[in-house]
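Undergrad: pasting a predicted model and its sequence here:
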Amino acid sequence: MTTSATTSCVSFDALHTFTRDAFLAVGLGEADALTGADVLATTDAWGVFTHGTKCLAGYLRRLKAGGLRPAGTPRIVGEGGAWATVDGDSSLGLTTSAFAVKVAIAKAKQQGIAYVGVRNSCHFGAAGYYTWLAAREGLIGISMANDIPSVAAPGSRGAITGSNPISYAVPAGRYRPMLLDMSTATVAGGKVYAARMRGEAIPANWLVDAQGRPTTDPSCYPQEGALQPAAGHKGYGISLLIETLSGILTGAGFTWRIGSWMWDDGTQPTHHGAAFIVVDTNAIMPAALFASRMEALIDEIHAAPVADGANKLRVPGEIEWERYAESMRTGIHLPEDVLANLRKAGEISGQNPGWLK
């Protein structure tokens with residue numbers, strides 16, 4: 001979540017409608033526009049502003065230019081009982097990913113577990129949205145995607161892998177799903193862009209410069225610098241697993257064979273890959289037993305002693321669910337960098353709602 005000052009509050013429904021109408025204005029069909037709007041508005045409601053409607057203008061430009069095909073239709077191009085490969089047809093990455101995870105959900109309900117890989121896609125937004133789709137049906141969801149290199153490897157001069165996000169969501173009985181959504185870089189590139197736009201220095205563990213040295217200057221990214229991998233060699237190793245499952249196994253692009261959805265020629269596809277794994281816990285143990293064991297795990301963590309200065313231990317996702325509940329009650333407080341990008345989206349789509357002044 002960005003730390004910049006908020007300047008406007010909008011209801012979830014108003015933001016969802018604006019986003020849907022923006023997608024419709026550039027030629028998306030009604031169902032795809034609704035899916036795209038739900039992904040982005042939900043992400044903002046979680047407070048993950050780097051991957052919500054801030055991305056909308058970029059998607060609209062690419063849809064208008066043709067690198068994303070408004071009439072593209074994701075389809076299954078290979079499958080077995082517990083697996084499938086989906087070709088995104090260069091359609092909006094949000095809709096391709098929602099289609100793919102729903103295929104994985106259906107197969108997991110039949111087989112107990114499923115893997116669905118995606119090729120010919122694009123940036124898919126927040127990985128956590130897709131795992132939440134599985135968790136809300138009582139299933140464990142895992143999602144991941146690759147991207148153009150922007151992250152250094154330990155000892156490298158320059159980027160080697162993408163920021164390659166991974167998420168899991170686990171149904172948790174009386175609790176909201178345990179949900180983790182993380183980049184395999186120390187920080188998401190969107191946070192570096194936001195600091196750059198605000199003219200702020202960044203922590204020294206976010207970037208390395210062109211020589212591979214830590215820097216606090218965000219202006220070198222992405223042209224020269226690279227993000228640092230999360231936990232050094234550990235994040236680098238996980239990133240290569242994601243590259244394997246999302247890019248190599250799917251037939252998608254990988255490393256420098258992927259285009260930048262933000263910076264490269266908008267008329268060309270980017271060839272991103274993604275992968276989704278879904279587990280039906282009820283195939284392994286009764287759903288009620290699994291739920292009670294998850295509740296016991298979370299209760300144990302909540303009851304654990306805390307260090308001085310801390311008031312509560314949380315599991316992944318609790319902060320986001322608290323923000324989500326508050327967003328639904330009082331509206332979403334959008335930071336200025338998000339509003340600036342929404343104004344661009346409004347110009348592209350011919351919208352000018354009062355809350356976007």
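TA: Perfect, I can see it now.

Undergrad: residue 355 versus the one residue sitting closest to the centre of the chain, what's the distance?
TA: If you average the C-alpha coordinates of the chain and look for the closest C-alpha using Cα atoms, centre = their mean, you land on residue 126, 1.6 Å from that point. Per Cβ to Cβ, to the nearest Å, residue 126 is found 22 Å from residue 355. Yep, even glycine has a C-beta here, placed from its N, CA and C like the rest.

Undergrad: do residue 262 as well
TA: As judged by Cβ to Cβ, residue 262 and residue 355 stand 26 Å apart.

Undergrad: same check, this time on residue 142
TA: Note on residue 142: its distance to residue 355, by Cβ to Cβ, is 36 Å.

Undergrad: so for those two, which residue has more residues nearby?
TA: Neighbours per residue (other Cβ atoms under 10 Å) separate residue 142 from residue 355, with residue 142 holding more: 23 against 15.

Undergrad: what's the closest non-adjacent residue to the more buried one?
TA: Residue nearest to residue 142 in three dimensions, not counting chain neighbours: residue 277, with 4.2 Å by Cβ to Cβ, 6 or more residues apart in numbering.

Undergrad: which strands and helices lie in contact with the helix or strand the one you found falls within?
TA: Taking DSSP states H and E as the definition, residue 277 sits inside strand 272-279. Packed against strand 272-279, as judged by 3 or more Cβ pairs under 8 Å, 6 or more residues apart in numbering; DSSP states H and E, are the following elements: helix 93-111, strand 113-121, strand 140-145.

Undergrad: partner strands of that strand, with direction?
TA: Applying DSSP bridges to the sheet, strand 272-279 is found paired with strand 113-121 (antiparallel), strand 140-145 (antiparallel).

Undergrad: which among those is found nearest to residue 178?
TA: Shortest distance between residue 178 and those, using Cβ to Cβ, is found for strand 140-145: 9.6 Å.

Undergrad: contacts for that closest one next, please.
TA: The contact list for strand 140-145 (Cβ atoms under 8 Å, 6 or more residues apart in numbering) reads 97, 101, 104-105, 118, 121, 124, 127-128, 130-135, 164-171, 242, 245-246, 272-279, 281.

Undergrad: so that strand versus helix 93-111, what angle?
TA: Strand 140-145 runs at 140 degrees relative to helix 93-111, counting by axes from the mean of the first three to the mean of the last three Cα atoms, to 10 degrees.

Undergrad: so for whatever helix or strand comes next after strand 140-145, mean pLDDT?
TA: Beyond strand 140-145 in the direction of the C-terminus, DSSP H and E gives the next helix or strand as strand 151-152. This predicted structure assigns strand 151-152 an average pLDDT of 97.

Undergrad: low-scoring stretches of the stretch 51-200 of the chain, by residue?
TA: Across the stretch 51-200 of the chain, nothing is flagged by pLDDT under 70.

Undergrad: for the strand holding residue 277, give the mean pLDDT please.
TA: Rounded to a whole number, the mean pLDDT of strand 272-279 is 99.

Undergrad: equivalent analysis for stretch 260-268, please.
TA: Mean predicted lDDT for stretch 260-268 stands at 95.

Undergrad: that older thread, my read is that the residue nearest to the centre of the chain contacts residue 51, right?
TA: Yes - using Cβ atoms under 8 Å, residue 126 is in contact with residue 51, at 4.2 Å.
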